[in-house]
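Undergrad: Fold the stuff below for me.
(2 chains)
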Amino acid sequence: MVLIYIDQADQEVKKASLEAISYGAALAKQMGTHAEALILGTVKDDLAQLGKYGVTKVHQVANEILNHFDARVNATVTSEAVKLSGADVIVFAHNTNGKAIAPAVAVKLNAGIVTGASALPNTENGFVVTKTVFSGKAFASIKIETAIKVITINQNSFGVQSSEGTATLETLSVIVPTSSIKITSVNKVQGEIPLTEASLVVSGGRGLKGPENWGVLLDLAKALGASTACSRPVSDSDWRPHHEHVGQTGYQIAPNLYIAIGISGAIQHLAGVNRSKTIVVINKDPEAPFFKAADYGVVGDAFEVVPALTAAVLKSKASA
Amino acid sequence: MKVLVCISKTPDTTAKIAFTEGNTKFDENGVQWIINPYDEWYSLVRAIELKEKDANVTIHLVTVGAADAEPIIRKALALGGDEAIRVNNTSNDSMVVAQEIAAIAKEGTYDLILTGKETIDYNSASIGSMLCALLDQNYIAAATKLEIDGTKAIVTREIDGGEETAETNLPVIVSCQKGMAEQRIPNMRGIMAARTKPLKVVEASVQNATTSIQQFDLPAAKSGVKLIDPTQMDELVRLLKEEAKVI
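TA: Next comes the predicted model:
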């Protein structure tokens, strides 16, 4: 059986987990078995509805202490719950919490693990998982040699797939160890979709010349309903906040659409965005290396091109 | 306070990524090797900053790899590590690497273990979490700030869409990323001192890999950029809608 770990924040199921369920359900089908889910803590969502994404049952360790994430505690409880459920493949989203606990769970279950899977495993001859390596510059196919297998799946690499169905609920009783981590403050960027979950991203580089010029980019992002990002020099110069930095040392993202404005496309920047489905590059320098990695390119002055693109987006939306 | 900083040897960020032996091995030909940037810029430099504030801090470095990792270990010592341990195991299975580090950590009884949030070659982001299970210690992943106050660590970590700050008693394992510290360059005095700092080699003790790399592949080349005239933004919107189907 394939078991999918459901991540929650503020008592809400994370979108990344819906993708993990879709992936786990497809994997279960491929292996001729079924998929179930595991959630720690209590959430406001109707868990039976997770059946829509392909699980027949949701196991819940309904202890409110688990609403606060503590890697050591969550990994301990998760591995005990996995043992009770009898699962032999465990799927996590490759998000902040998934990365923090999946390897620990693998240790506790004597399981092999592949993190950052980019596609369904090949199960014809063993269990071979393809993942991105070298920051998206290559793929590795890795065989897991152990009986129990753990996978974390890259966000936005499989997609959320839903149909009909409801899941049954089962409460698991697992001893929850005491947490010795005390959370003292939480700062969330209000009203924005987290970059790693965004399906549309508009990003700016030094070509925009200064923070006062960001208006054209923000207008385009608003017209599209996109999140905003930036290159490393921009966040290093404090033109934009650090949490917008995408690239090798910033966030690695894989949206459906990445629009790069005034970013030359250094290899370190590409490492953070090269898994995007469609890349649009707007740059006045026709030699900018980013054009080689782009699907669509516009050679022109960002201060003319971007407002024109915003107007075209609004026009298209108005006529739809 | 004893700090263990885990460092890994990775190809330079601008290295050409290619494979040999029927795409089963990374082509090391002409590759410049560096300390994994997350290990160096963030974990190691933060450890050095802690030592600069408190002379009672000692920094041990551990790397799991062959003798060709020694130049990067010397560089880490030149930056400010006190002693280094190299475990002579060339496995690229995270589980093996984590077990080797855990054995070193148990022997040295460290108050703080720092790793980078991931390596830039295999991007597994696994070692810190595995150490959490192997050592049964608290683990805070993807941290952007770390302060030590007596026997307490105050750590800010990335969460989806923001940051969270937490306190915990030592010992703790922390994986580090941007925000933690600023990159440094070793100075001449550090480079000279590094030559005589202890570098102990420990033989491999873990062999059972749980995974094996079957093959590497390069991504399919983009079919080429479609250039749109700057005056034709309606056409770009149409393509994004009808051809790429992303908006």
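
Undergrad: what's near enough to touch residue 147?
TA: Chain wasn't specified; assuming chain A. A:Ala147 makes contact with A:Asp88, A:Ala111, according to Cβ atoms under 8 Å, 6 or more residues apart in numbering or on different chains. Glycine gets a C-beta too; all of them are placed from N, C-alpha and C.

Undergrad: look at chain B instead
TA: B:Ala153, B:Ile154, B:Val155.

Undergrad: and it, which of the three is it?
TA: What DSSP: H, G, I helix; E, B strand; the rest coil gives for B:Glu147 is strand.

Undergrad: before we move on, what about A:Ala87?
TA: Per three-state DSSP, the local secondary structure of A:Ala87 is coil.

Undergrad: Need phi/psi at it.
TA: With angles defined as degrees, to the nearest 10, A:Ala87 sits at phi -70, psi 150.

Undergrad: I'd like to know how many residues surround it.
TA: Around A:Ala87 sit 23 other residues, with neighbours defined as other Cβ atoms under 10 Å in any protein chain shown.

Undergrad: Just the helices from chain B, written as ranges.
TA: For chain B, the helices defined by DSSP state H occupy B:37, B:45-53, B:70-79, B:94-108, B:127-135, B:188-194, B:233-238.

Undergrad: and the longest one, is it in reach of chain A?
TA: Just to be clear, that refers to helix B:94-108. Yes - Helix B:94-108 lies within reach of chain A by Cβ under 8 Å from any Cβ of the partner chain, at B:Ser94, B:Met95, B:Ala98.

Undergrad: For these, pick the one with the most neighbours.
TA: Each of these was scored for neighbours by other Cβ under 10 Å, and B:Ala98 scores highest at 30 neighbours.

Undergrad: Kindly provide the distance from B:Lys245 to A:Ala87.
TA: B:Lys245 sits 35 Å away from A:Ala87, going by Cβ to Cβ, to the nearest Å.

Undergrad: What of B:Leu135?
TA: Going from B:Leu135 to A:Ala87 by Cβ to Cβ gives 25 Å.

Undergrad: can you count the residues close to A:Glu212?
TA: For A:Glu212, using other Cβ under 10 Å, the count is 8.

Undergrad: which SS class is it?
TA: Assignment for A:Glu212 (three-state DSSP): helix.

Undergrad: same thing with the one 4 residues further on?
TA: Reducing the assignment to helix, strand or coil with three-state DSSP, the entry for A:Val216 is helix.

Undergrad: Can you get me a residue count around the residue nearest to it when sequence neighbours are not counted?
TA: Excluding the flanking residues, the one nearest A:Val216 by Cβ to Cβ, 6 or more residues apart in numbering or on different chains is A:Val306, at 4.4 Å. Neighbours of A:Val306 under the rule other Cβ under 10 Å: 26.

Undergrad: what subset of the contacts of B:Glu147 is also close to chain A?
TA: Okay, of those touching chain A (Cβ under 8 Å from any Cβ), that's B:Ile154.

Undergrad: show me where pLDDT drops low in the stretch 151-300 of chain A?
TA: Across the stretch 151-300 of chain A, the ranges flagged by pLDDT under 70 are A:190-192.

Undergrad: Now do the strands in it.
TA: A:168-171, A:181-188, A:200-204, A:227-230, A:257-261, A:278-283, A:296-299 (DSSP state E, counting those that start in this stretch).

Undergrad: Just want the angle from the fifth one to strand A:200-204.
TA: The one in question is strand A:257-261. If you take axes from the mean of the first three to the mean of the last three Cα atoms, to 10 degrees, strand A:257-261 sits at 10 degrees to strand A:200-204.

Undergrad: next one: strand A:257-261 to chain centre, how far?
TA: 18 Å (Cα atoms, centre = their mean, to the nearest Å).

Undergrad: and it, anywhere near chain B?
TA: Yes - using Cβ under 8 Å from any Cβ, strand A:257-261 reaches chain B at A:Leu257.

Undergrad: partner strands of that strand, parallel or antiparallel?
TA: Its sheet considered, strand A:257-261 pairs with strand A:200-204 (parallel), strand A:278-283 (parallel) by DSSP bridges.

Undergrad: nearest spatial neighbour of B:Asp12, skipping sequence neighbours?
TA: Of all residues not flanking B:Asp12 in the chain, B:Gln32 sits nearest, at 4.2 Å (Cβ to Cβ, 6+ apart).

Undergrad: so the one you found makes contact with B:Thr13?
TA: No - using Cβ atoms under 8 Å, B:Gln32 is not in contact with B:Thr13, being 9.7 Å away.

Undergrad: The two: which is more packed in?
TA: Under the criterion of other Cβ under 10 Å, the comparison of B:Gln32 against B:Thr13 puts B:Thr13 first, with 18 against 9.

Undergrad: Pipe the residues of helix B:94-108 next to chain A into TSV and attach pLDDT per row.
TA: Formatted as TSV, these follow (pLDDT from 0 to 100):
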residue	pLDDT
B:Ser94	97
B:Met95	98
B:Ala98	98
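
Undergrad: from those residues, which is closest to B:Thr24?
TA: For the residues of helix B:94-108 next to chain A, the closest approach to B:Thr24 (Cβ to Cβ) belongs to B:Ser94, at 18.5 Å.

Undergrad: Who are the contact partners of the closest one?
TA: By Cβ under 8 Å, 6+ apart, the neighbours of B:Ser94 are A:Pro103, A:Ile113, B:Tyr122, B:Ser124, B:Ser126, B:Ile127, B:Met130, B:Thr211.

Undergrad: coming back round to it: which of the helices of chain B sits most buried?
TA: Neighbour counts (mean count of other Cβ atoms under 10 Å in any protein chain shown) averaged over each of these peak at helix B:127-135, with a mean of 27.

Undergrad: Give me the nearest residue to the residue of the stretch 1-150 of chain A found nearest chain B, chain neighbours excluded.
TA: Relative to chain B, the nearest point of the stretch 1-150 of chain A is A:Gly112 (3.3 Å; Cβ to the nearest Cβ). Spatially, and ignoring its direct neighbours in sequence, A:Gly112 is nearest to B:Thr210 (3.3 Å; Cβ to Cβ, 6+ apart).

Undergrad: Isn't the one you found up against B:Ser91?
TA: No - using Cβ under 8 Å, B:Thr210 is not in contact with B:Ser91, being 10.1 Å away.
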